[in-house]
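Colleague: sequence? don't have it. structure:
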């Protein structure tokens with residue numbers, strides 16, 4: 001899956017999530033590999049924004065390849081297992097990364 005397709009998929013999923021009452025969350029997603037790229041997901045004021053930019057004031061950044069990220073958001077890859085097996089790397093607050101994974105399920 002190409003980066004633009006993955007970004008569109010995340011935006012569509014985010015549009016279907018009720019974020020009312022959720023705390024602020026800012027996660028940068030670094031997609032490794034030939035179809036890689038960077039985007040962020042921000043939960044703020046009950047809304048979710050997904051933008052193809054770096055987010056400097058983030059809670060955490062996750063790094064994963066496109067195949068595994070697609071499996072993660074489809075519920076076919078457990079985020080804890082991905083982290084412990086090295087398929088997913090977290091820079092920053094690992095609890096916020098887990099909150100992010102639960103948000104997109």
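Modeller: Sure, I can see it. The shown structure was predicted, so the numbers you read here are calculated from the model rather than taken from an experiment. Numbers count the residues shown, from 1 in each chain.

Colleague: Centre-most residue in this structure?
Modeller: Geometric centre of the chain, nearest residue: residue 29, 5.2 Å, by CA atoms, centre = their mean.

Colleague: separation between that one and residue 61?
Modeller: 8 Å (CB to CB, to the nearest Å). C-beta: built from backbone N, CA, C; applies to glycine.

Colleague: ok, back up a step: OK, contacts around the residue nearest to the centre of the chain?
Modeller: 10, 38-41, 61-62, 64, 69 (CB atoms under 8 Å, 6 or more residues apart in numbering).

Colleague: Likewise for residue 69?
Modeller: When contacts are counted by CB under 8 Å, 6+ apart, residue 69 touches 6, 29, 31.

Colleague: Adding secondary structure and pLDDT, write the residues you listed out as a markdown table.
Modeller: As requested, those are exported to a markdown table (DSSP: H, G, I helix; E, B strand; the rest coil; pLDDT from 0 to 100):
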| residue | secondary structure | pLDDT |
| --- | --- | --- |
| 6 | helix | 94 |
| 29 | strand | 97 |
| 31 | strand | 97 |
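
Colleague: Just put the residues you listed in JSON lines and tack on distance to residue 53.
Modeller: Conversion of these to JSON lines gives the following (distance: CB to CB, whole Å):
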{"residue": "6", "distance to residue 53": "15"}
{"residue": "29", "distance to residue 53": "11"}
{"residue": "31", "distance to residue 53": "13"}
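
Colleague: wait, which of these is closest to residue 81?
Modeller: Distance to residue 81 across the contacts of residue 69 (CB to CB) is lowest for residue 29, with 18.1 Å.

Colleague: before we move on, the earlier item: what would the contacts of residue 29 look like in CSV with pLDDT and secondary structure?
Modeller: As requested, those are exported to CSV (pLDDT from 0 to 100; DSSP: H, G, I helix; E, B strand; the rest coil):
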residue, pLDDT, secondary structure
10, 94, helix
38, 98, strand
39, 98, strand
40, 97, strand
41, 96, strand
61, 98, strand
62, 97, strand
64, 97, strand
69, 94, helix
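
Colleague: got the residue ranges for the helices in this protein?
Modeller: For the chain, helices defined by DSSP state H occupy the ranges 3-15, 66-73, 79-84, 94-103.
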